[in-house]
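Colleague: Sequence first, predicted coordinates after that:
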Amino acid sequence: MTPTIAIIGALEKEVRHIYAALENGTTVDEAGLHIASGTYHGLNIVATVAGMGTVNAAAATQHLISAYGANTVIFSGIAGGLNPALHIADVVIGERLRYLDTDTALIAESTPGLEEFASSDYLVDLAEEALREHGYVNAAGADSPADKGASRAVVKDAKTPDADPKQYLRGTIASGDRFITGAEVKNAVIAATHADCVEMEGAAIAHIAAKNGADCLVLRAISDNCDEEYDAFSTRVFDLDEYAQSASVLVLSLIQRLSTQLDAKANDELDA
């Protein structure tokens, strides 16, 4: 059976690029979401913008799993940087996802019984391959996926802000329903979560995926360093089109790789 992949974006601009890439695309408005369906490299795709915050993210994820049978969820968007090695437009692959402002012990009393969540290992590997193909280098200084246990201590002394090319990191993402800004709050988040970046949806996406036994991948591009008040941040001019275009290109590249991998697996099973 052909897998169904749910692509959820934080920005309408980002998902717009996904919509345009779908073959035989259709759209529908339901459950408070604008959802596009179609195919890409032989895989079924459903894509939507969840809206901000953990509740919106969880609701969108559950709907795409329940209504469309999605067995893989990919989420991408922007985040505030916490790790000093990461700079604007660098990418964090969310190996680990942790809630910032939630009593995780209470969360773990319900299925799937976890206090933190994770992207699926094989999707993390595919994301790393796609990023390397697009010229990104590992901020941890590692040369292979085997080095995915690199610690923050190793990453601290990585490239300077003006260095090329762009970097990626297999790291930890913190998610919470408040905007993180200012040194005091930023340092408190780092102390509580040991995360590389902070945002408002990723852990909820991974949580619902785990609850349903679905595979999951969360990607984040750094848009700021958590050093601005929200009013200033929300009025500052970002090149969001560039972020959105880069993220969608990476997601589509990853899906193409996944399709190739699934075809190879099917051929191996036929030959067995």
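Modeller: Arrived safely, thanks for sending.

Colleague: quick one, phi psi at P3?
Modeller: Dihedral pair for P3: phi -60, psi 150, per degrees, to the nearest 10.

Colleague: In stretch 183-193, which residues are buried?
Modeller: 186, 189-190, 193 (16 or more other CB atoms under 10 Å). Any C-beta I mention is one placed from the backbone N, CA and C, and that applies to glycine too.

Colleague: tell me which of the residues you listed is nearest to N44?
Modeller: Closest approach to N44 among the buried residues of stretch 183-193 (CB to CB): T193, at 34.6 Å.

Colleague: how close does the closest one sit to G42?
Modeller: As for T193, its distance to G42 is 38 Å (criterion: CB to CB, to the nearest Å).

Colleague: Just the buried residues of stretch 183-193: which are in helices?
Modeller: If you go by DSSP state H, the buried residues of stretch 183-193 have 186, 189-190, 193 in helices.

Colleague: okay if I get these as a markdown table plus pLDDT?
Modeller: Below are those laid out as a markdown table (pLDDT from 0 to 100):
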| residue | pLDDT |
| --- | --- |
| K186 | 91 |
| V189 | 92 |
| I190 | 92 |
| T193 | 93 |
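
Colleague: May I ask which two of these are separated the most?
Modeller: Across these, the longest distance by CB to CB is 11.2 Å; it joins K186 and T193.

Colleague: helix, strand or coil for L258?
Modeller: The assignment at L258 comes out as helix when based on DSSP: H, G, I helix; E, B strand; the rest coil.

Colleague: Please tell me I have it right and N138 contacts P165.
Modeller: No - N138 is not in contact with P165 according to CB atoms under 8 Å; the separation is 11.0 Å.

Colleague: what about R98, which SS state?
Modeller: Classification of R98 using three-state DSSP returns strand.

Colleague: May I have the phi/psi pair for the closest residue to S120 other than its chain neighbours?
Modeller: The shortest distance from S120 to any non-neighbouring residue, by CB to CB, 6 or more residues apart in numbering, is to D215 (4.1 Å). Main-chain dihedrals, D215, degrees, to the nearest 10: phi -80, psi 160.

Colleague: Equivalent analysis for L123, please.
Modeller: Dihedral pair for L123: phi -70, psi -30, per degrees, to the nearest 10.

Colleague: Now do the residue lying closest to it once chain neighbours are set aside against I74, distance only.
Modeller: Excluding the flanking residues, the one nearest L123 by CB to CB, 6+ apart is L217, at 3.9 Å. Relative to I74, L217 is positioned 5 Å away (CB to CB).
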